[in-house]
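Chemist: Next comes the sequence, and after it the predicted model I'd like to discuss.
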Amino acid sequence: MPLTIPMLLTWLRILLVPLFVAILYLPEELIDSRKGNLAAMAIFIGAALTDWLDGYLARSWNQTSAFGAFLDPVADKLMVAAALVCLVELNRVNAAVAFIIIGREIAISALREWMAQLGESRSVAVSVLGKIKTIAQMVAIPFLLYRDNVFGLFNAKQVGTWLIWIAAVLTLWSMFHYLRMALPLAIKPRKKTGEIRA
């Protein structure tokens, strides 16, 4: 497994997760809450940007790999799950929202693995609805991390709360969409292989 720049960026996202969590829980004596919020928001946005960058570089430089395709979504899900769990603990996100989003990611990942074993992975490829859900989620979380007024124009926590609920609704919608696409293929009778006939 060659350590290409896209792969290093993916590993960097994974290494940023414990740093991200630690900053949010540092005592006030070391960093005040406002600076901690800003630092956590910057780390999250930086991780989101490296997600786009490593994919772009891997395709542009023809450095895609099966392991990279596996590790990239794992890195994304770790950062999002860490952010949501911390935001629930900090009382900035409803626990039900975090459960919906994290639970959906686990369910769809398992569904994709199952479909791949059946040779039907294209049936659960990322949809436009899934991409919209991801955008709403990735915009909401930085606002919830920052949570203060933005240039006196609007309250980041309020906007982030609206967006994360929208993301939760889109999460359920996209999950049912994937399940509806996969179910007929999952229950379709399949020929048995490897049978020896006399």
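Modeler: That came through, no problem.

Chemist: So which elements touch the lengthiest helix in the chain?
Modeler: The longest helix of the chain (DSSP state H) is helix 156-187. Counting contacts by 3 or more Cβ pairs under 8 Å, 6 or more residues apart in numbering; DSSP states H and E, helix 156-187 is packed against helix 95-117, helix 128-146. Every residue, glycine included, has its C-beta placed from N, CA and C.

Chemist: what about the residue most central in space within the chain, distance to L183?
Modeler: Nearest to the mean C-alpha position of the chain, by Cα atoms, centre = their mean, lies K77 at 3.8 Å. Separation of K77 from L183 (Cβ to Cβ, to the nearest Å): 23 Å.

Chemist: now swap in R34 and tell me
Modeler: Applying Cβ to Cβ, the value for R34 to L183 is 48 Å.

Chemist: Low-confidence stretches in the protein?
Modeler: Low-confidence regions of the chain, defined by pLDDT under 70, span residues 1-2, 118-127, 151, 185-198.

Chemist: Could you chop it up by domain?
Modeler: Annotated domains of the chain cover 1-91, 94-186 [automatic domain parsing].

Chemist: is it true that L26 touches G36?
Modeler: Yes. Assessed by Cβ atoms under 8 Å, L26 is found in contact with G36 at 6.0 Å.

Chemist: of those two, who's got more company?
Modeler: G36 (19 against 15; other Cβ atoms under 10 Å).
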